[in-house]
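Trainee: Quick one: sequence and predicted model below, then my questions.
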Amino acid sequence: MSIVSILIALLVFFVIIVLHEFGHFAVAKLSGIRVNKFAIGMGPVLLKKQVGETEYSLRAFPVGGFCAMEGEDGTSDDPRAFMHAPVWRRMAVVFAGPIMNLILGFILILITTILYGNVATLRIADFPKDNESGESWSTSETCGLQIGDQIYSIDGMRILTDTDLSYKLQTNENDQMTVVVIRDGEKTVLENVRFYNKKSQGRLDFYIQAEKLGFFNTISYSFLNTISTGRLIWSSLRDLVTGKYGFHDLSGPVGIVSSIGEAASYGETFKEHLTSVLSLASFITVNVGIFNLLPIPALDGARLVFLVVEVIRRKPIPPEKEGMVHFVGMALLFLLMIAVTFQDILRLFQK
């Protein structure tokens, strides 16, 4: 992996994390909450400047940033402290970080779609055939799938975009599937459909139609593909919890930077390099947004849980108890991050 690829990877990772913190920062400022520090990067301070009540700093390691608000730990007499703001404003501040990641994911998917030059549909365009004999290599065609069918669901999973379609075909353990298609404006159920390309020996045994870029179909596709990406991440988390994936499948910052660097090297033209990086970056930023909404101590999701409990109880959880929960969660996350980073480094040496 070249130095340029590494720098691109660090820049992408840096932007994703900083934008998350900027979401917290911007909504806190708009809500009148005092922000003491906003840092770009982590570790030792390289540059800093006090502007009004907030210290802005640039730090040595480009692996994130942070937004430190007054009274965030629950101890402050300042009336503009985070702890004294109305619950709905605190919820907005906490939500803002993950939401910024999801918005960035949508924007990156939109840009990638425009660069590809067309919008993928779920309508069957054709089936692969032998050029000489005209014999079909598609098994799904013999199971009842027809040209013009629009795939609606597979084994109960609603298919929104080609991302869902690819994921379902790649991960479905059933050899025969129940497929619902839109045919002549109505839903048609096809039982025992087997997807198999006799030539490639893979499951992709049909072609889908592509549409020219238009304002509405491009926006709609990008929005739905952002949802599809989020669903894919939720499915991966579920598989991790159920044991389908294990610790060796996890990646930390080193692994993520390595993957982005590899994506930057993919292809021969600048456009191919760019679309590859943006595609992976959109997946990572949506991942960061969703992961932070999980109710894990020290993450935004856990803070939201405490705020919901406060609404129900009509009084906050004692700050020292909430602080202890987040402290333990942060310690465990750091231990996990160290272990995953060590694993990522071993993979680099193995490569």
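Mentor: Received it, and whenever you're ready, just let me know what you need.
Trainee: can we go C-alpha only for contacts and neighbour counts from here?
Mentor: Noted.
Trainee: The nearest residue to residue 31 once chain neighbours are set aside: how many residues sit nearby?
Mentor: In this structure, residue 31 finds its nearest non-sequential neighbour in residue 89, 6.5 Å apart by Cα to Cα, 6 or more residues apart in numbering. Look at residue 89: counted by other Cα atoms under 10 Å, it has 18 neighbours.
Trainee: go on, residue 61?
Mentor: Neighbour tally, residue 61, other Cα under 10 Å: 16.
Trainee: Can you show me the helices along the stretch 251-351 of the chain?
Mentor: Per DSSP state H, counting those that start in this stretch, the stretch 251-351 of the chain carries helices over the ranges 253-264, 270-292, 300-313, 319-350.
Trainee: What's the local residue count around residue 325?
Mentor: Residue 325: 15 neighbours (other Cα under 10 Å).
Trainee: again, but for residue 66
Mentor: Neighbour number of residue 66 under other Cα under 10 Å is 19.
Trainee: Now do it against residue 288, distance only.
Mentor: Going from residue 66 to residue 288 by Cα to Cα, to the nearest Å gives 15 Å.
Trainee: returning to that earlier point: how near is the residue nearest to residue 31 to residue 51?
Mentor: With Cα to Cα as the criterion, residue 89 and residue 51 are 24 Å apart.
Trainee: what's the answer for residue 189, then?
Mentor: For residue 189, the distance to residue 51 equals 63 Å [Cα to Cα].
Trainee: between these two, which one's more packed in?
Mentor: residue 189 (16 against 8).
Trainee: doesn't that one fall inside a helix?
Mentor: No - using DSSP: H, G, I helix; E, B strand; the rest coil, the assignment for residue 189 is strand, not a helix.
Trainee: Specify the beta-bridge partners of it.
Mentor: residue 180 (DSSP bridges).
Trainee: show me what contacts it?
Mentor: 178-181 (Cα atoms under 8 Å, 6 or more residues apart in numbering).
Trainee: Can you report how many residues lie near residue 311?
Mentor: 13.
Trainee: Surely it touches residue 87?
Mentor: Yes - under the criterion of Cα atoms under 8 Å, residue 311 makes contact with residue 87 at 7.4 Å.
Trainee: how far away is residue 242 from residue 235?
Mentor: 10 Å.
Trainee: between the helices of the stretch 251-351 of the chain, which gets nearest to residue 219?
Mentor: The closest of those to residue 219 is helix 270-292. By Cα to Cα, the value is 15.3 Å.
Trainee: Rounded mean pLDDT for the closest one, please.
Mentor: Mean pLDDT, helix 270-292: 86.
Trainee: the strands in the stretch 1-150 of the chain, which residues?
Mentor: 35-51, 54-69, 118-126, 150-154 (DSSP state E, counting those that start in this stretch).
Trainee: Which elements pack onto the shortest one?
Mentor: Helices and strands in packing contact with strand 150-154 are listed as strand 118-126, strand 177-183; criterion 3 or more Cα pairs under 8 Å, 6 or more residues apart in numbering; DSSP states H and E.
Trainee: could you redo the last one with a cut-off of 10 Å?
Mentor: Packing contacts for strand 150-154, counted by 3 or more Cα pairs under 10 Å, 6 or more residues apart in numbering; DSSP states H and E, involve strand 118-126, helix 162-171, strand 177-183, strand 186-193, strand 207-212.
Trainee: Quickly, which of these bottoms out on average pLDDT?
Mentor: When I compare these, helix 162-171 is least confident, with a mean of 89.
Trainee: angle of it against strand 207-212?
Mentor: 160 degrees (axes from the mean of the first three to the mean of the last three Cα atoms, to 10 degrees).
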